[in-house]
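K.L.:
just the structure for this:
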Amino acid sequence: MKPDQAAIVAQTHGANAILRMLGKPPSEFELQEVPLSDIKPSQFGEDYDNASSRELARKTANGQPSDRKQDNWPIAVDADGVIIDGNHRHAAAAMNGRKAVWALVAKGLD
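P.N.:
Sure, this is the predicted structure:
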């Protein structure tokens, strides 16, 4: 399901807050449907595949949105496809066998 405008705005603000914490400038983002295989996690092991991502996978296994609004936000990635925010959503999508997800792709980030 394509994210609504409120989710896009909220995730854009959240991703830019993370970029500022990392000492990077804020970015503009473009919403795209991206193959899951083109997105690279920025967390690994228990930080990526944990109770949170497994619970989200269970809740969304039938294709229905989660009752927690942040779980339905698009994944934010840099221009190289590395996740800025959304590792657990990526893990849940992979667990559910999804081939593509909605992502906010940063423009001009290195």
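K.L.:
what bridges to the residue most central in space within the chain?
P.N.:
When CA atoms, centre = their mean is applied to the chain, the residue found nearest the centroid is residue 75 (1.7 Å). Taking DSSP bridges as the rule, residue 75 bridges to residue 103.
K.L.:
distance check, it against residue 40.
P.N.:
Separation of residue 75 from residue 40 (CB to CB, to the nearest Å) stands at 11 Å. Heads up, the C-betas are built off the backbone N, CA and C, glycines and all.
K.L.:
what's the overlap in contacts for those two?
P.N.:
Residues touching both residue 75 and residue 40 (CB atoms under 8 Å, 6 or more residues apart in numbering): residue 83.
K.L.:
quick one: the helices in this structure?
P.N.:
5-21, 51-60, 87-95 (DSSP state H).
K.L.:
make TSV from the ones you listed and add mean pLDDT to it.
P.N.:
Converted to TSV, those look like this (pLDDT from 0 to 100):
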stretch	mean pLDDT
helix 5-21	87
helix 51-60	93
helix 87-95	95
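K.L.:
quick one, what contacts the residue nearest to the centre of the chain?
P.N.:
For residue 75, the contact set (CB under 8 Å, 6+ apart) comprises 34, 39, 83, 85, 86, 89, 90, 101, 102, 103, 104.
K.L.:
can we see that at 7 Å?
P.N.:
If a contact means CB atoms under 7 Å, 6 or more residues apart in numbering, then residue 75 has 39, 83, 86, 89, 90, 101, 103 as its contacts.
K.L.:
now swap in residue 35 and tell me
P.N.:
Taking CB under 7 Å, 6+ apart, we find residue 35 in contact with 99, 100.
K.L.:
next one: it from residue 17, what distance?
P.N.:
As judged by CB to CB, residue 35 and residue 17 stand 27 Å apart.
K.L.:
what's the answer for residue 37, then?
P.N.:
Distance, residue 37 to residue 17, using CB to CB: 28 Å.
K.L.:
so which of the two has more stuff around it?
P.N.:
The neighbour count for residue 37 versus residue 17, taken as other CB atoms under 10 Å, is higher for residue 17 (13 against 10).
K.L.:
just the contacts of residue 75 now: which is nearest residue 63?
P.N.:
Nearest to residue 63, judged by CB to CB, of these is residue 101 at 12.5 Å.
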